[in-house]
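Chemist: Build me a model:
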Amino acid sequence: MAEKIRYTRRDLKGPDEFISTFGRAVAWTKENRLRVGAGALAVVALVAVALGARAYLQWEENKSSRDLWPHLNRARELLQTPAEADPEKLAALEQFLTAHVGMHPKTRATVYARYYLGSIAFLRGEYDRSAAQFRDGIATGKAAGIMEYLLRDGIGRSLEAKGDFAGAASAYREAAGFAQSDMKAQSLLAEARCLALSGRKTEAIALYRQILKDHPESRSRNLVEIQLAQME
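Modeler: Predicted coordinates:
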């Protein structure tokens, strides 16, 4: 039989453990009210700083976009017909985009500014500078959607135009990882072309065959077959 536990009247009148602990905490708080107050103010200050920083970053994003979008429309118009682009207008646009990047270096809008700066440099034949602008656009960490593809494709085009075919093949391969459907086939086709130009014929042939297998409906199918016929 289990042994009965007997409580004395003194035990029953003893203070509850929780109440005792709470009482000691209240007493300690009263004795150290200055330190407790300072700690509470520090927590409030940290929360306020975090919320303020977040609000400022959002404000900067919005301001960057408002300032930039009208100029991006102009950039698009100029680069659609590069042969007819007014050099003075192009120079003025480049100056504005450069200034914008300096004021808002880590915003989403700056990704677009970097892309157009890279495109302008490419148009002028400044291929190292062009590739650098595209890389800086990626380095912002703000690239998303099709810009992930366009920036990497831009690096590939710049390196290929410069004659760095190995580097271009690598850039096109990376771009293909962010491409959709037909754009992916185009990136792989560009990679195969650069592989062949860099002397890596076996790899180029293998990639051309892979393109035919994975993208049988590609608009470049006839071109791929011609390239294979010439290389085999």
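Chemist: Would you mind measuring the gap between the ends of stretch 122-130?
Modeler: Stretch 122-130 has an end-to-end distance of 5 Å (criterion: C-alpha to C-alpha, to the nearest Å).
Chemist: which residues are contacting that stretch?
Modeler: For stretch 122-130, contacts defined as C-beta atoms under 8 Å, 6 or more residues apart in numbering pick out 79, 82, 85, 90, 118-119, 121, 154, 157-159, 161-162. C-beta: built from backbone N, CA, C; applies to glycine.
Chemist: From these, list the buried ones, please.
Modeler: Buried by 16 or more other C-beta atoms under 10 Å: 79, 85, 90, 118-119, 121, 154, 157-159, 162, out of those.
Chemist: From those, which land in helices?
Modeler: Here DSSP state H is the test, and those give 79, 90, 118-119, 121, 154, 157-159, 162 as lying in helices.
Chemist: Among the residues you listed, list the two that are farthest apart in space.
Modeler: For those, the maximum inter-member distance is 22.8 Å, found between Leu90 and Leu159 (C-beta to C-beta).
Chemist: what are the ranges of the helices in this structure?
Modeler: Going by DSSP H, the chain shows helices at 9-12, 17-31, 33-80, 87-103, 108-123, 127-139, 146-162, 165-176, 181-197, 201-214, 221-231.
Chemist: among these, which gets the worst mean confidence?
Modeler: Here the helices of the chain differ in mean pLDDT, and the lowest is helix 9-12 at a mean of 50.
Chemist: Leu212 and Ser181: what is the separation?
Modeler: For Leu212, the distance to Ser181 equals 15 Å [C-beta to C-beta, to the nearest Å].
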